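Participant: What shape does this take:
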Amino acid sequence: MIVLLLYLQAMSQGLENISINVNQKIYLKDPESSSLGKKILSESIHLIDEIGFDEFTFRKLATAINSTEASVYRYFENKHKLLLYLTSWYWAWMEYRLMFAITNIECPRKRLLRSVKLVTEQIQQDGNIPHINEIKLSNILVSESAKAYMTKSVVDENKIGAFSGYKQLVQRISNIIIEINPNYKYSHMLVSTIIEGSHHQRFFSEHLPKLTDSVEGEDSITCFYCDLIFNAIDNE
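Facilitator: Below is the predicted model of the structure:
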C-alpha cells in the first residue's frame, strides 16, 4: 500500500524527489531523515559493493563518512539490520518501477514480459535519488542478499514485515501469471526462482562463466528467463 501511494503521488508530480519507504521496525532512526543518515546509506552501499558484506564493519563505515561508530549505531542496531534495510529499499524501489513499467498495458502477456525483463535485466543508474547508487546496490543484491534472510532470525524478522517488499513484488508478478493461466499452480515459486536465479546467473557470468551461457548480441540471462516463464505457464 505504501508503494502504491508513492506511485500515485509520483504519477501526479513526476519522477523527481522520489521517496522510498522502508519498514520502520528495521531501523532505529530513519536514515532518510538526515544528511548523516543518507551518508550512511550512500557509503555503506559503496563499501559493501567494494569489500563485501563479511569484511564490512561499522568502524570502517564510520571512518569513510568521517564520523563515529556510535553515530552509525543510532540508526541501525547492527550491520545485519543495515543489510535488511538496503535489500528492503531495493525491493520497494523495484516494485515502484514495476508499477510504472506495466501501467496502462492491457495485455497480460506484455505485462509479464516487461515484469520479467525488469527483475532480470542489469540495473541502470536511476539518478532520481542521489544518495543511492542503484547499480552498486544491485551488485549487493546479486552477491549478498541471501545473507539478509538465510539466518536463524528469519522467522522473527518475517513476522515484523522485514521481507514484505520482496513478497509484494513476487505477488504482483504472480498475479499476472494467474491472469494468463489460472490453472498454473506454482506462480510464486516460479517468480521467486526467476528473481533469485537471475541473481545467481549474474554472479556466475562475472565470476564463474562456465556455469552460465553468453550469446553475443543479447542479454542471455533475461532472454533465458523470459523463455522459461512462458514455457512453464503455456505448457501447463
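
Participant: Skipping adjacent residues, who's closest to residue 190 in space?
Facilitator: Closest residue in space to residue 190, ignoring its immediate chain neighbours: residue 232 at 5.8 Å, by Cβ to Cβ, 6 or more residues apart in numbering. From N, CA and C alone the C-beta is placed, and that goes for glycine too.

Participant: Next, the contact list for residue 171, please.
Facilitator: By Cβ atoms under 8 Å, 6 or more residues apart in numbering, the contact list for residue 171 reads residue 188.

Participant: From residue 42, how far off is it?
Facilitator: Going from residue 171 to residue 42 by Cβ to Cβ, to the nearest Å gives 30 Å.

Participant: With residue 53 instead?
Facilitator: According to Cβ to Cβ, residue 53 stands 16 Å off from residue 42.

Participant: Sketch out the low-pLDDT regions of this structure for me.
Facilitator: 1-19, 236 (pLDDT under 70).

Participant: ok, for residue 88, nearest residue in space, not its chain neighbours?
Facilitator: Using Cβ to Cβ, 6+ apart and skipping the chain neighbours, the partner closest in space to residue 88 is residue 22 (4.8 Å).

Participant: Does residue 198 touch residue 122 like I think?
Facilitator: No - contact between residue 198 and residue 122 fails when scored by Cβ atoms under 8 Å: they sit 9.8 Å apart.

Participant: could I have the lengthiest helix in the chain exported to CSV, CA atoms only?
Facilitator: Secondary structure of the chain per DSSP state H: the longest helix is helix 79-102. Output of helix 79-102 as CSV, limited to C-alpha atoms (Å, rounded to 0.1, in the frame of the first residue of the first chain):
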residue,chain,number,x,y,z
LYS,A,79,25.2,-4.5,10.2
HIS,A,80,22.6,-7.2,9.5
LYS,A,81,19.8,-4.7,10.1
LEU,A,82,21.6,-2.3,7.7
LEU,A,83,21.6,-5.1,5.1
LEU,A,84,17.9,-5.7,5.7
TYR,A,85,17.3,-2.0,5.1
LEU,A,86,19.2,-1.9,1.9
THR,A,87,17.6,-5.0,0.5
SER,A,88,14.1,-3.8,1.6
TRP,A,89,14.8,-0.5,-0.1
TYR,A,90,15.8,-2.2,-3.3
TRP,A,91,12.6,-4.3,-3.4
ALA,A,92,10.4,-1.4,-2.7
TRP,A,93,12.1,0.5,-5.5
MET,A,94,11.7,-2.4,-7.9
GLU,A,95,8.0,-2.6,-7.1
TYR,A,96,7.8,1.1,-7.8
ARG,A,97,9.5,0.7,-11.1
LEU,A,98,7.3,-2.3,-12.0
MET,A,99,4.2,-0.3,-11.5
PHE,A,100,5.4,2.3,-13.9
ALA,A,101,6.5,-0.3,-16.4
ILE,A,102,3.2,-2.1,-16.7
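
Participant: which of the residues in it are buried?
Facilitator: For helix 79-102, burial by neighbour count (16 or more other Cβ atoms under 10 Å) applies to 79-99, 102.
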